[in-house]
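*Asks:* Test case, fold it:
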Amino acid sequence: MSDPSTKGWEVARIGRNTATEMAVVYISGDSAAEWAINGFPNSIMLEKPFAMAEMITAVDHLLNERSTDPASA
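*Replies:* Next up is the predicted model:
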């Protein structure tokens, strides 16, 4: 992944191949519309600029969703 042209979508795919239940927070300033096509279930898209509170809420949501999902136990 040292190629600077590697996009976040590919990084998420690689991570999901390793850990299929991994939650993903995507952050983008220009490709949020691609989330519907490239994003994974159990993911959230934050569009730049965003407040740190939005990041905290996104991570909290994904962690709580995972902890209440019986399949993640």
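
*Asks:* buried stuff in the lowest-mean-pLDDT helix or strand in the chain?
*Replies:* Least confident helix or strand of the chain, by mean pLDDT, DSSP states H and E, is helix 35-38 with a mean of 80. Judged by neighbour count (16 or more other CB atoms under 10 Å), helix 35-38 contains these buried residues: 35, 38. C-beta here means a position set from N, CA and C on the backbone, and glycine is covered the same way.

*Asks:* same check, this time on stretch 22-42
*Replies:* Result for stretch 22-42 [16+ other CB under 10 Å]: buried residues 23-24, 26, 28, 35, 38-40, 42.

*Asks:* Need the residues that contact the longest helix seen in the chain.
*Replies:* When the chain is parsed with DSSP state H, its longest helix is helix 52-68. Residues outside helix 52-68 that contact it (CB atoms under 8 Å, 6 or more residues apart in numbering): 21, 23, 25, 42-44, 46, 72.

*Asks:* if we go to 7 Å?
*Replies:* 23, 25, 42, 44, 46, 72 (CB atoms under 7 Å, 6 or more residues apart in numbering).
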